[in-house]
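**Student:** the amino acid sequence is not available; the structure is as follows:
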């Protein structure tokens, strides 16, 4: 088993960094970046095969941030892994920066341009089919939002993944129950969410997506060669880690003031101390 | 000479090429019949991906395949492919610069009587506005064959539009040089230049023959690539012919005609006329009837050419 504590500490560090990135950039999707941080940390620091020194390494697993608006945590992690200099995070969303507000392939480590919702899973299915065609063991991980689930293309891809028995693809849904207009169940009801994916032929499990122990166990349990694609419904808290941001819809797209940033960073420091 | 649908020339050639290159993948949307991919699916099932009636998914899957070194050809009726999955073409194919060939078949008014839902008269316009995508409309079976060969070695996003029905050969001697972005001048002439694309090219050729009987010598240009557009051949035609007429199986809005006009207005002002379909839901009819009704057949082209030449 990995050192859970180290991963938890890494997640706190990533949250601190992404908040500063958003503050300096003056824009960002704070809530969703914070809710999905633990899931990304589990992938990039534990589960996925990847090599920052060789971003196009043939044996690498593929990651697609289908909910492209949560790019701040993604960029932070890529920088921390060494795909590009951390200093560059300060250019986020600035004039002529390659770190634009949604994942861009100009940034080393990013596989596809995303941003328009409902795109990640179909592309991931294409990758997974290609790996099957070539008898390769690479895995494909696609992180989606829960509001994003209203896009029909996701369900087209869900059907195809099941049809082609793609047990090399893992869909992860950041189930934080909030989207830009409010609660997902008010905007467009998803429940019984798990049953829908199961009916589409996927192996589904639900976890606490802000609990590193559960995340690691879930990642270890997927990608079994059982002929079925895998979905992890990761129940998370939007704005996770910062008390005044947690479960508040307006932080979907919000930039902290200097004072708010200070409070947020102090809270995260406290969490780090408690952890240690 | 036997009339052959361009789609058939495409799929026959693709099958030949795919037998030698296992990375060539045909992606269909319950369209293997309409595209004529049946032989491909039967002979190379491991290089064939069926997506069902899901054009958005098919384009996304193709982009994913391309990122793993495959050469996907996503084939579906042009109408659905070019608009239903436009966002995927924009983001997953063009923006991400994936090596996906988007093959729209039964384009234009091939499905004449099936109505506007099945007509594809805006595909050139929308594709023109997307950066990074090449647009090709082959004119006959020979050119389609050469184009298909050229595409295998062309690394980048391409939108191809072909019709459904059999097409009379433009290149009846079988010789068809094909370079992406370089138009073919089929007939020289100094009185007027007729620039056509896709299946209107044969009508332009016939129109030039009719005009020659009136001692009007028309230059005929097969503009198979709409983007990147061969600007030099347009400017040379304007300089040497003094009048330009364009013909396309597309809306008057945003197609070949407007692309040519865009070049001319900034460089060389000459009398010009754009022939295409009006900005309205069309009357019912087969291809031949609609070409005639909307003045896109050879007689219609001749009539507009004469008007442009004041004869």
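**Tutor:** Received it, and whenever you're ready, just let me know what you need. Computed from a predicted model, the values in this text were never measured in an experiment. Residues are numbered from 1 along each chain as shown, chains lettered A, B, ... in the order given.
**Student:** contacts and neighbour counts: CA atoms only from here.
**Tutor:** OK.
**Student:** who in chain A is up against chain B?
**Tutor:** The interface of chain A toward chain B, taken as CA under 8 Å from any CA of the partner chain, is made up of A:105, A:112-114, A:116, A:119-120, A:122-131, A:133, A:153, A:156-157, A:160.
**Student:** buried ones among these?
**Tutor:** Listed as buried from those are A:105, A:112-114, A:116, A:119-120, A:122-131, A:153, A:156-157, A:160; burial here means 16 or more other CA atoms under 10 Å in any protein chain shown.
**Student:** which SSE is the nearest residue to residue A:11 once chain neighbours are set aside in?
**Tutor:** Nearest residue to residue A:11, sequence neighbours excluded (CA to CA, 6 or more residues apart in numbering or on different chains): residue A:38, at 5.7 Å. Residue A:38 is part of helix A:37-42, with elements assigned from DSSP states H and E.
**Student:** just the buried residues of that helix, please?
**Tutor:** A:37-42.
**Student:** same question for stretch B:60-70.
**Tutor:** When neighbours are counted by 16+ other CA under 10 Å, the buried residues of stretch B:60-70 are found to be B:60-68, B:70.
**Student:** just to revisit the earlier point, tell me the one of the buried residues of helix A:37-42 nearest residue B:165?
**Tutor:** Distance ranking of these against residue B:165, using CA to CA, places residue A:40 first at 51.4 Å.
**Student:** the closest one contacts residue A:74, doesn't it?
**Tutor:** Yes - assessed by CA atoms under 8 Å, residue A:40 is found in contact with residue A:74 at 7.2 Å.
**Student:** quick one: the strands in chain B?
**Tutor:** Using DSSP state E, the strands found in chain B span residues B:4-5, B:24-28, B:48-50, B:71-77, B:101-105, B:134-136, B:158-161, B:166-167, B:184-187, B:192-196, B:218-222, B:225-227, B:244-251, B:272-277.
**Student:** for the fifth one, name the packing helices and strands.
**Tutor:** By that I understand strand B:101-105. For strand B:101-105, the packing partners by 3 or more CA pairs under 8 Å, 6 or more residues apart in numbering or on different chains; DSSP states H and E come out as strand B:71-77, helix B:78-79, strand B:158-161.
**Student:** residues of it that come out buried?
**Tutor:** B:101-105.
**Student:** got the angle for it vs strand B:24-28?
**Tutor:** 40 degrees (axes from the mean of the first three to the mean of the last three CA atoms, to 10 degrees).
**Student:** ok, longest helix in chain A?
**Tutor:** As assigned by DSSP state H, the longest helix anywhere in chain A is helix A:4-25.
**Student:** can you give me how far the very next helix or strand once past that helix is from the chain middle?
**Tutor:** Next in sequence after helix A:4-25, counting helices and strands by DSSP H and E, comes helix A:30-35. Here helix A:30-35 shows a centroid-to-chain-centroid distance of 10 Å under the convention CA atoms, centre = their mean, to the nearest Å.
**Student:** closest to chain A out of the helices and strands packed on strand B:101-105?
**Tutor:** Of all the helices and strands packed on strand B:101-105, strand B:71-77 sits nearest to chain A, with 10.0 Å by CA to the nearest CA.
**Student:** now do whichever helix or strand comes after the helix holding residue A:38, average pLDDT.
**Tutor:** Scanning forward in sequence from helix A:37-42 by DSSP H and E, the next helix or strand is strand A:62-65. In this model, strand A:62-65 has a mean pLDDT of 98.
**Student:** not counting strand A:62-65 itself, show me its contacts.
**Tutor:** A:71, A:103, A:110-112, A:114, A:120, A:124, A:138-144 (CA atoms under 8 Å, 6 or more residues apart in numbering or on different chains).
**Student:** what is the burial count for residue 134?
**Tutor:** No chain in the question, so chain A it is. The local packing of residue A:134 (other CA atoms under 10 Å in any protein chain shown) involves 12 other residues.
**Student:** try again with chain B
**Tutor:** 23.
**Student:** again with residue A:151
**Tutor:** 12.
**Student:** ditto for residue A:146
**Tutor:** 22.
**Student:** what residue lies at the spatial centre of chain B?
**Tutor:** Of all residues in chain B, the one closest to the mean position by CA atoms, centre = their mean is residue B:137, 1.8 Å from it.
**Student:** I figured that residue hits residue B:158, correct?
**Tutor:** No - applying CA under 8 Å, one finds residue B:137 not in contact with residue B:158, separated by 10.7 Å.
**Student:** ok, back up a step: which residues does the residue nearest to the centre of chain B contact?
**Tutor:** Taking CA under 8 Å, 6+ apart, one finds B:160-162, B:197-198, B:224-226 in contact with residue B:137.
**Student:** next one: it, what pLDDT does it get?
**Tutor:** Value for residue B:137, per-residue pLDDT: 98.
**Student:** same check, this time on residue A:1
**Tutor:** For residue A:1, the model assigns a pLDDT of 59.
**Student:** which strand residues bridge the spatially closest residue to residue B:152 that is not a sequence neighbour?
**Tutor:** In this structure, residue B:152 finds its nearest non-sequential neighbour in residue B:71, 7.7 Å apart by CA to CA, 6+ apart. Partner residues in beta bridges with residue B:71, using DSSP bridges, are residue B:24.
**Student:** sorry, back to before: now the longest helix of chain A, how far from the centre of its chain.
**Tutor:** With CA atoms, centre = their mean as the basis, helix A:4-25 stands 14 Å off its chain's centre.
**Student:** so for that helix, what gets flagged as buried?
**Tutor:** Here helix A:4-25 shows A:7-25 as buried, counting by 16+ other CA under 10 Å.
**Student:** buried residues in stretch A:82-92?
**Tutor:** For stretch A:82-92, the neighbour count (16+ other CA under 10 Å) marks A:83-84, A:86, A:89-92 as buried.
**Student:** please work out the average pLDDT along it.
**Tutor:** Averaged over stretch A:82-92, pLDDT sits at 97.
**Student:** and if you look at stretch B:262-269?
**Tutor:** Taken as a whole, stretch B:262-269 has a mean pLDDT of 96.
**Student:** the residue nearest to residue B:152: neighbouring residues, count only.
**Tutor:** By other CA under 10 Å, neighbour count at residue B:71 equals 28.
**Student:** test my guess that it contacts residue B:27.
**Tutor:** No - applying CA under 8 Å, one finds residue B:71 not in contact with residue B:27, separated by 10.2 Å.
**Student:** need the overlap of contacts for these two.
**Tutor:** Counting by CA under 8 Å, 6+ apart, residue B:71 and residue B:27 have no shared contacts at all.
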